[in-house]
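Enquirer: what's the 3D shape of this:
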Amino acid sequence: MAKQKKPSKAMYAAIGLTAAESAVVENKLRDVFGLLTDSPYGNVIVAGEDVSRIIVMCKRVARYNHAISEENLDLLAAIFRALETVTTDRNFLVHAQWFRLDEAGVHLGLRSSRVATSKDGQGTSEGFKWHVTDALAVAEAYTRIADALDVFVERAYPDSEMVPPHTRAQAERIQAFTQKLLKGWDMPPVRADETEQDPAQRTQPA
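Expert: Here you go, the predicted model:
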């Protein structure tokens, strides 16, 4: 049996960058929830909750916060859709065990999964081939989502001190991405869905 190769430094870096950028988004979401509730205890309420739970809680509060305009509610909903899409990729990327393949930049990720009940799905893990650029794209998606959250706060809460200052170039880039979200732009296809199959059947080209 061939010896399995450790991931490249570039892949390790991409995984770390994704984890870091997703943490930024998670913290911004907690701050947004605090703004939506208009309560100093907002961060206490969502302490320890994962991103999916925070999104649900933000959606519930936003529906009853009549100070938020329809336009800003649409932006927030678009951000949540993008985040819900990319989170599946993020979770696979961060929690899988990775091995470097012979093809330059390509890696195989394996992650434990629930045992399938169908006769054709006997595996206990799922596997996907990813290129380093795929991992970097997930990190970039989180960076853009963090920017879009800043835009929401700037529009809905102009007096908030939550948003850091941006250069003109950064502001133009952020506005362009925000317009994409509002026009129904879809995140790149999810590479790691939740279907339970044997890794040999689930690997896909990078």
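
Enquirer: Below-threshold pLDDT in the chain: ranges please.
Expert: 1-2, 113-125, 162-175, 177-206 (pLDDT under 70).

Enquirer: quick one: the helices in the chain?
Expert: If DSSP state H is used as the criterion, the helices of the chain fall at 9-37, 42-45, 51-64, 70-95, 132-156, 168-182, 199-202.

Enquirer: can you redo those as a markdown table with mean neighbour count and distance to K3?
Expert: For the C-beta atoms, the positions are set from N, CA and C on the backbone; glycine is no exception. Shown next, in a markdown table, are these (neighbours: other C-beta atoms under 10 Å; distance: least, C-beta to C-beta, whole Å):
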| stretch | mean neighbour count | distance to K3 |
| --- | --- | --- |
| helix 9-37 | 19 | 17 |
| helix 42-45 | 15 | 47 |
| helix 51-64 | 16 | 37 |
| helix 70-95 | 19 | 23 |
| helix 132-156 | 21 | 21 |
| helix 168-182 | 14 | 43 |
| helix 199-202 | 14 | 18 |
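
Enquirer: Reformat the ones you listed as TSV; add distance to L108.
Expert: Formatted as TSV, these follow (distance: least, C-beta to C-beta, whole Å):
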stretch	distance to L108
helix 9-37	11
helix 42-45	39
helix 51-64	26
helix 70-95	12
helix 132-156	12
helix 168-182	31
helix 199-202	8
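
Enquirer: who touches H95 in this structure?
Expert: R111 (C-beta atoms under 8 Å, 6 or more residues apart in numbering).

Enquirer: if we can go back for a sec, the helices of the chain: which one's closest to A104?
Expert: helix 132-156 (9.1 Å; C-beta to C-beta).

Enquirer: and the closest one, what does it pack onto?
Expert: helix 9-37, helix 70-95, helix 168-182 (3 or more C-beta pairs under 8 Å, 6 or more residues apart in numbering; DSSP states H and E).

Enquirer: closest to G109 out of the helices of the chain?
Expert: So among the helices of the chain, helix 70-95 is nearest, using C-beta to C-beta, at 6.4 Å.

Enquirer: Next, the angle helix 9-37 makes with the closest one.
Expert: 140 degrees (axes from the mean of the first three to the mean of the last three C-alpha atoms, to 10 degrees).

Enquirer: For V94, give its distance to E21.
Expert: 11 Å (C-beta to C-beta, to the nearest Å).

Enquirer: likewise K3?
Expert: Distance from K3 to E21, by C-beta to C-beta: 32 Å.

Enquirer: what do you get for T85?
Expert: 15 Å.

Enquirer: do the same with E103
Expert: Noted for E103: a distance of 26 Å to E21, by C-beta to C-beta.

Enquirer: go on, R30?
Expert: 16 Å.

Enquirer: quick one, what contacts the nearest residue to K6 once chain neighbours are set aside?
Expert: Leaving aside its sequence neighbours, K6 sits nearest to R100 (C-beta to C-beta, 6 or more residues apart in numbering; 6.4 Å). Taking C-beta under 8 Å, 6+ apart, we find R100 in contact with K5, K6, P7, S8, M11, V106, H107.

Enquirer: repeat for G34
Expert: P40, G42, N43.

Enquirer: Likewise for V86?
Expert: V138, A141, Y142, I145, M187.

Enquirer: Noted, bye for now.
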